[in-house]
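A.B. asks: Using only what follows, build the 3D model:
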Amino acid sequence: MGKSIASRFADIAVERSMLLGVVVDDDQLTLEMDFCLEPGHPAYEAPGEGEACCFHPGMIRFGGITTLNLERAEAPAGARRFAIQSFAIEGSRCDLACDWGKIHLQARSIRVLTE
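C.D. replies: Below you'll find the model as predicted:
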């Protein structure tokens, strides 16, 4: 049996993480992330001077998307990292609000990958 959705985000503070990109491909959506790792995560390192988090690249991949709604926000010119205001997963639904915009989706699978 696979991991529960909540356990896939163990020791990752998604609401303190940064969104780097959104890639939509057929029935799949990938959120490219700079995850804020918490001390229990295997890749955690103490944040450097002046840093608030241990940032680590990764992604959240949603497969088998059945519902997708993207609401793009007006981002500042040249913005490459987008702060996340809210992130919620309930069952197969995900809702994310950030400086990039809002994403609402329902998917058959959710994978969390850290590089």
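A.B. asks: Return the helix or strand in this protein with minimum mean pLDDT.
C.D. replies: Using mean pLDDT, DSSP states H and E, the weakest-scoring helix or strand in the chain turns out to be helix 5-8, at a mean of 72.
A.B. asks: in the protein, which strand has the most residues?
C.D. replies: In the chain, assigned by DSSP state E, the strand with the most residues is strand 54-72.
A.B. asks: Can you list the neighbours in contact with the next helix or strand along the chain from it?
C.D. replies: Sequence order places strand 82-90 as the next helix or strand after strand 54-72, per DSSP states H and E. Applying Cβ atoms under 8 Å, 6 or more residues apart in numbering, the contact partners of strand 82-90 are 5-6, 9, 14-20, 75, 94-100, 110. The way it works is simple: take the backbone N, C-alpha and C, and place the C-beta from them, glycine included.
A.B. asks: ok, and for the very next helix or strand once past strand 82-90, which residues are buried?
C.D. replies: Counting by DSSP H and E, the next helix or strand C-terminal to strand 82-90 is strand 93-98. Neighbour-count burial for strand 93-98, with 16 or more other Cβ atoms under 10 Å as criterion, is recorded at 94, 96-98.
A.B. asks: Could you list the low-confidence segments of the protein?
C.D. replies: 1-6 (pLDDT under 70).
A.B. asks: ok so, going back, quick check: ChimeraX command selecting the buried ones in the contacts of strand 82-90.
C.D. replies: Only the buried entries of these go into this ChimeraX selection, using 16+ other Cβ under 10 Å:
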select :9,14,16,17,18,19,20,94,96,97,98,99,100,110
